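In: Quick one, structure for this:
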Amino acid sequence: MKSILPTTRLCIFTLSLIVVLGACRKKETRPLAPPPAEVSVVPVVSERVQLTTELPGRINSVREAQVRARATGILLKRLFEEGSDVKAGQVLFEIDPAPLQASLNSAKASMAKTEAALKESKATVDRYRELVPINAISKQVYDQAVATLGQNEAELLAATAAVQTAELNLGYAQVSAPISGRIGKALVTEGALVSATEATQLALIRQLDPVYFDFTQSSTEVLRLRRALENGTLESVAPGEARVTLILEDGTVYRHEGKLLFSDISVDPTTGMIALRAEIPNPENLLMPGMFARAQIVEGINANALTIPQRTVARGAGGKSTVLIVNNENKVEPRAIEVERIMGDKVVVSKGLKAGESIIVEGSQKAPPGSMVKAVPFAPSPASDLETRSKPN
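Out: Presented below is the predicted three-dimensional model:
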């Protein structure tokens, strides 16, 4: 009995050890629940923003004058430098004045002849006036002398007008600038025959400071803006604040702001667009007629606009815009939204979000919809912040 007891105790100890080791092994193989994924979020912000729109258009000169020949003759000289600034009244071309001077001399000779005939007829009438009462001449002869006097007076008026016309034509031999501005290339060269009858064009002058920027806007957009102003969604912009900023073809922003002048009172039936015009300062003559540009115009002010970063918006099926939010249960929830417009690196949301909701910026790849997440405030790195600022709006 004494020898059996230690053996039994050894067996019991061994079995107990096996049970304990098996329980530990089962406990070690039980899977642990993973921690919630960490995502970076930003809140939906309600802020006061100026709503702007970009519309394409072209630069046009405020004034444009065609320099044309008003006298017929051979062009002798060009008295300006092509592409330079000229003043109103500055002589630009000289036409051969010799034929015009000869016409003036002939007109003056005709006027002198008419003046002599008029002087003679006046003397005749004065003599006949004294002879008629004493019946030295007949009344018919006197009446003929008076009629001759009237005819000579009329001929003198015509001769005077002919002299004035000849003087004007001689003055037209020097072609002057009708307006101040920048003149282009000469359209004719020395030795060319120009005609007053055909009004030969010699050059073109444009005023380039300021310039007009002509563009169009759809009537549908104009109606939408008016309704927004009427129902109070937008605050109207004062006329003095209706400024226009140009974005040039190379993407740079033009340094001088312009002002909106008018909106056309009719809609083009073929395009459904309304014509708009802005006046832009151009002291450096950087803007040239025909140049393409885009205008940024402040349409109104939204006092409670909901804005989120543009990078958080994704395009879903059918082109719908969606974002991922972290709801009150700390779960990822997809949300369909309506984007009203894009403003630089932000978008203005009209439907689908409320102020203060958390939008996922980073970490959405490891947080599918419905999963639990840990939301932390988004902190952009200096490099990404610099890159965002460097992007053109």
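
In: what about residue 144, distance to residue 135?
Out: 17 Å (Cβ to Cβ, to the nearest Å). Just so you know, the C-beta spots here come from the backbone N, C-alpha and C atoms, and that holds for glycine as well.

In: So for those two, which residue has more residues nearby?
Out: residue 144 (13 against 8; other Cβ atoms under 10 Å).

In: any low-confidence regions in this structure?
Out: 1-33, 225-226, 228-242, 262-264, 299-300, 317, 381-393 (pLDDT under 70).

In: Domain map for it?
Out: What automatic domain parsing lists as the domains of the chain is 39-49+304-390, 51-61+207-303, 70-95+177-199, 97-172.

In: Quick one: end-to-end length of the longest one, please.
Out: The one in question is domain 51-61+207-303. The first residue of domain 51-61+207-303 is 10 Å away from its last residue (Cα to Cα, to the nearest Å).

In: What of stretch 68-82?
Out: Start and end residues of stretch 68-82 are separated by 16 Å (Cα to Cα).

In: So which bits of that stretch are buried?
Out: For stretch 68-82, burial by neighbour count (16 or more other Cβ atoms under 10 Å) applies to 68-73, 75, 78, 80.

In: Please compute how far that stretch lies from its chain's middle.
Out: In terms of Cα atoms, centre = their mean, to the nearest Å, the centre of stretch 68-82 is found 36 Å from the chain centre.

In: Contacts for that stretch, please.
Out: 86, 90-97, 99-100, 169-170, 172-173, 175, 183-186, 188-197, 199-203 (Cβ atoms under 8 Å, 6 or more residues apart in numbering).

In: From those residues, keep the buried residues only.
Out: The neighbour count (16+ other Cβ under 10 Å) marks 86, 92-97, 99-100, 169-170, 172-173, 175, 183, 186, 188, 194, 200, 202-203 as buried among those.

In: Sitting in helices, which of these do you find?
Out: Judged by DSSP state H, the buried ones among the contacts of stretch 68-82 include 99-100, 169-170 as members of helices.

In: quick one: residue 277 and residue 216, what's the gap?
Out: Residue 277 is 10 Å from residue 216, by Cβ to Cβ.

In: same question but for residue 179, I mixed them up
Out: Residue 179 sits 28 Å away from residue 216, going by Cβ to Cβ.

In: got JSON lines for the buried residues of stretch 68-82, with distance to residue 50 and secondary structure too?
Out: Converted to JSON lines, the buried residues of stretch 68-82 look like this (distance: Cβ to Cβ, whole Å; DSSP: H, G, I helix; E, B strand; the rest coil):
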{"residue": "68", "distance to residue 50": "47", "secondary structure": "strand"}
{"residue": "69", "distance to residue 50": "52", "secondary structure": "coil"}
{"residue": "70", "distance to residue 50": "52", "secondary structure": "coil"}
{"residue": "71", "distance to residue 50": "57", "secondary structure": "coil"}
{"residue": "72", "distance to residue 50": "59", "secondary structure": "coil"}
{"residue": "73", "distance to residue 50": "60", "secondary structure": "strand"}
{"residue": "75", "distance to residue 50": "56", "secondary structure": "strand"}
{"residue": "78", "distance to residue 50": "51", "secondary structure": "strand"}
{"residue": "80", "distance to residue 50": "46", "secondary structure": "coil"}
